[in-house]
Each structure stands twice: as structure tokens, then as C-alpha cells.
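Q: mind folding the following:
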Amino acid sequence: MNWHFYHKETGMVHPKVIHSDMADAEIALKFAQRNAPEYHLPIAGKIIDQLSQKVDVVTCAIVDYQPPAPSADHEWNEAVKRWNLNPMVAARDLARTSAAAQIRDLESKAIRALIEQALGHEGAKERLEALHKQITELRPTLQA
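A: Numbers count the residues shown, from 1 in each chain. A predicted model of the protein is given here:
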């Protein structure tokens, strides 16, 4: 039997779960009570999703629960019962990550162009200017 633990005042489910094979229900309950986190009570039964369920402290029933949003950029996905970044924010974050990676790549190429320019190689300055232009065009994406 699995034992979950819920806060005796809020009903919030603790991540700790223990398993007991004890046949005597009374002994199993005492075992769970001794192993309960502070201010928590044991509840026997099926697996509880601590991120989308809690225990009604009056009835001891497991009820759906929607925790507070991590930020204003998140929206509740009822299908998976989780907070997800809203699509616009996720797209913006992906664009930032992509721009940052492109800038790192271009800057690493600029090192070779700088060396060649310092050594007086033909066309090095033009390559460096082209790389700088590409980097300059990507920078606003990092600020968005």
C-alpha cells in the first residue's frame, strides 16, 4: 500500500511517498504516521499528483488543484494539468536562444577575421565588417 502525506491545514501533498506491505491496516497506519513529515498526515491509496491535486482536509477526498501561476507568462494547460509558457513567450524565448547561439558562432568566426586583418590579409576587413553587420542585426532579438 502506498502512503502519501498531506499538510493537515492546507491539504497540499508532500512529495514523500512510502510503501508498506503490512497486512494489518492499523499497524500500517501507525507506520505511516511515524514516517510522516512534520505537520502532515498520511493518506493511503492511489498515486496522487502533487502538482495538480490536493486533499480536502474536511472530507479527506483527493481533489483537483490548480497551483498559482509561476508568472504572468504562463497559462494553465487543462489537458496535462500544468502551467506552460504561453506560445508567444515560448517563441520569444526560442528566438532569443537562437539569436544568442548565432551571435556566438559569428563572434568565433570574427576571431579568425581579426587575426587575418592584423596580418594584413586581403579581404579580412570586409569579412569582419560583414560579420559585425550580421551580429548587429541579431542583437535586437536579445532585447525583445
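
Q: CA atoms for contacts and neighbours, from now on please.
A: OK.

Q: residue 113: what's it in contact with?
A: Contacts for residue 113 (CA atoms under 8 Å, 6 or more residues apart in numbering) come out as 124-125, 127-128.

Q: one more pass at 6 Å, please.
A: If a contact means CA atoms under 6 Å, 6 or more residues apart in numbering, then residue 113 has 124, 128 as its contacts.

Q: how far away is it from residue 125?
A: Distance of residue 113 to residue 125, given as CA to CA, to the nearest Å: 7 Å.

Q: same check, this time on residue 58
A: 75 Å.

Q: so who does residue 81 touch?
A: Under the criterion of CA under 6 Å, 6+ apart, the contact list for residue 81 reads residue 52.

Q: pLDDT score for it?
A: Looking at residue 81, its pLDDT is 95.

Q: please enumerate the strands of the chain.
A: Using DSSP state E, the strands of the chain run over residues 2-7, 13-19, 40-44, 53-55, 62-64, 74-77, 82-85.

Q: just the buried residues of the fifth one, please?
A: So the one you mean is strand 62-64. Residues of strand 62-64 classed as buried: residue 62 (neighbour count, 16 or more other CA atoms under 10 Å).
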